[in-house]
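Undergrad: Compute the structure for the input listed below.
(2 chains)
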Amino acid sequence: GEDVEQSLFLSVREGDSSVINCTYTDSSSTYLYWYKQEPGAGLQLLTYIFSNMDMKQDQRLTVLLNKKDKHLSLRIADTQTGDSAIYFCAERGSSGGSYIPTFGRGTSLIVHP
Amino acid sequence: GAGVSQTPSNKVTEKGKYVELRCDPISGHTALYWYRQSLGQGPEFLIYFQGTGAADDSGLPNDRFFAVRPEGSVSTLKIQRTERGDSAVYLCASSAIAGGEQFFGPGTRLTVL
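TA: Below you'll find the model as predicted:
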């Protein structure tokens, strides 16, 4: 079945860039997502990329996709303390009309002064 | 409504009891999803509704779990004969159309003693 892997923790200094990495196994993935979860809150969609794209930039966020290696990354520029949260990578295929994303375990981003 | 709401926010029950968890999706959203998130894990899919019908219930772990959405808006997740392993945060999400961006509620934290 599908699998999505992420490292569990990342610690950065305020003002630095953060890079969160994700690998997935489903070669038919069509949509790849990054979600943010703050304590006690639900998941918030940050950004997504289609599988036919290499890169997507949205303000401080840059998503890079290496489809050959099934590797997705999220770069947050000028990381702020408010960016501290858990970041989930997720993928969704298109086979069988599935609308259900498969999530990784999440990466806890800790931003310190 | 302004967003997806879930009640109760916390539920503590004893092993063997029956519980109901409620989800109010964003008004007008036709698709509704239930996920379960255990500690340190990403959300795991349980069931997805399109309108009143369950379009995909392949994530329900066993027949103790059941969900309904009788009028195509509010949904209730029902768990019979609860077990300690059912302890988790139960997340609900809705989307305007099937496959559209999912908006998550804050979740219900279920603790089975």
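Undergrad: Would you mind naming what in chain B lies close to chain A?
TA: Proximity of chain B to chain A, by Cβ under 8 Å from any Cβ of the partner chain, involves residues B:4, B:31, B:33, B:40-45, B:48, B:56, B:59, B:91, B:93, B:95, B:98-99, B:101-107. C-beta: built from backbone N, CA, C; applies to glycine.
Undergrad: my guess is A:Phe9 contacts A:Ser108, does it?
TA: Yes. Contact criterion Cβ atoms under 8 Å: A:Phe9 and A:Ser108 qualify, at 5.1 Å.
Undergrad: Which one's more surrounded, these two?
TA: A direct count of neighbours by other Cβ atoms under 10 Å in any protein chain shown for A:Phe9 and A:Ser108 places A:Ser108 higher, at 18 against 11.
Undergrad: Kindly state the beta-bridge partners for that one.
TA: Listed by DSSP bridges, the beta-bridge partners for A:Ser108 are A:Phe9, A:Ile86.
Undergrad: ok, now how distant is it from B:Gly99?
TA: 29 Å (Cβ to Cβ, to the nearest Å).
Undergrad: B:Gly42 too?
TA: 19 Å.
Undergrad: residue closest to the middle of chain B?
TA: Residue closest to the average C-alpha location in chain B (Cα atoms, centre = their mean): B:Trp34, at 3.6 Å.
Undergrad: Beta-bridge partners for that residue, please?
TA: Applying DSSP bridges, one finds that B:Trp34 bridges with B:Ile47, B:Cys92.
Undergrad: Near chain B, which residues of chain A are found?
TA: A:4, A:8, A:40-45, A:88, A:90, A:98-106.
Undergrad: which among those end up buried?
TA: A:4, A:42-43, A:45, A:88, A:90, A:98-106 (16 or more other Cβ atoms under 10 Å in any protein chain shown).
Undergrad: Next up, the contacts around A:Asp54.
TA: A:Leu64, A:Leu65, A:Asn66 (Cβ atoms under 8 Å, 6 or more residues apart in numbering or on different chains).
Undergrad: Let me fix that, I meant to ask about B:Thr108.
TA: B:Gln6, B:Thr7, B:Pro8, B:Ser9, B:Asn10, B:Lys11, B:Leu21, B:Val89, B:Tyr90.
Undergrad: ok, it to B:Pro70 distance?
TA: 19 Å.
Undergrad: can you check A:Asn66 too?
TA: For A:Asn66, the distance to B:Pro70 - Cβ to Cβ - is 45 Å.
Undergrad: got it, and A:Tyr33?
TA: Taking Cβ to Cβ, one finds A:Tyr33 at 30 Å from B:Pro70.
Undergrad: between those two, which one's more packed in?
TA: A:Tyr33 (22 against 9).
Undergrad: partner residues bridging the more buried one?
TA: A:Tyr48, A:Ala90.
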